[in-house]
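S.K.: Sequence first, predicted coordinates after that:
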Amino acid sequence: MDSGNTPRAEIPAFRLINAVFCEDIRREDNGKDMLLGVYGGDIVVARCPTRVGVSLWLQYFSAPVRAGETGIDLRLRFDGHDEPVSQIGLPFMEEGETTLALRGMPVAIDGSGVLLLEHCLPGQDWLEIARKRVTCPDPAAEASSGDAGDT
């Protein structure tokens with residue numbers, strides 16, 4: 001990672017430990033996070049287009065250069081599209097493991113595809129760190145079934 005041009009002490013270290021896609025995250029009174037509706041497989045929606053709230057539970061190991069001054073940007077976007085569906089910047093205050101609970105980010109789904117989670121570290125380009133397939137019903141199959149889909 002170090003090309004030799006930058007002193008080692010000036011390069012912040014970030015490593016993703018876990019990324020969980022789910023429907024909701026709640027904080028218990030004892031400080032534990034409760035993950036609800038964890039997407040173990042695809043995100044399957046009943047119809048398209050639609051909007052859903054996607055929550056992300058992320059664990060990073062971070063070693064910022066200076067406390068409170070180092071951050072990352074996170075974004076969700078569909079593979080093949082440049083525009084993010086959601087984007088946020090987050091500071092890291094101290095060295096060690098950091099858990100981020102990002103609740104209910106709105107995502108517009110127009111069809112089946114792959115939802116990408118990317119981060120941008122200081123001085124670097126966007127990098128894919130997780131992905132989740134999104135599956136919509138086949139419009140042809142839905143039309144031929146005669147189901148109005150009002151459930």
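M.R.: Okay, I see it.
S.K.: What residues of stretch 23-38 count as buried?
M.R.: Judged by neighbour count using 16 or more other CB atoms under 10 Å, the buried positions of stretch 23-38 are 23, 25. Just so you know, the C-beta spots here come from the backbone N, C-alpha and C atoms, and that holds for glycine as well.
S.K.: Also stretch 77-94?
M.R.: Of the residues in stretch 77-94, 77, 78, 84, 85, 86, 92 count as buried by neighbour count, 16+ other CB under 10 Å.
S.K.: And the furthest pair within the residues you listed?
M.R.: Pairwise distances among those were taken by CB to CB; the largest, 27.2 Å, belongs to 78 and 92.
S.K.: which SSE is the residue positioned nearest the centre of the chain in?
M.R.: Nearest to the mean C-alpha position of the chain, by CA atoms, centre = their mean, lies residue 117 at 4.2 Å. Counting by DSSP states H and E, the element that carries residue 117 is strand 113-120.
S.K.: Give me the residue ranges of this structure where confidence is low.
M.R.: Low-confidence segments of the chain (pLDDT under 70): 1-12, 64-70, 93, 140-151.
S.K.: can you map out the helices along it?
M.R.: 139-145 (DSSP state H).
S.K.: all strands in it, in order from the N-terminus.
M.R.: Here the chain has its strands, by DSSP state E, at 13-27, 33-38, 43-44, 50-63, 70-78, 86-92, 96-109, 113-120, 126-135.
S.K.: Okay, buried residues for stretch 98-110 please.
M.R.: Under 16+ other CB under 10 Å, the buried positions of stretch 98-110 are 98, 100, 101, 102, 105, 107, 109.
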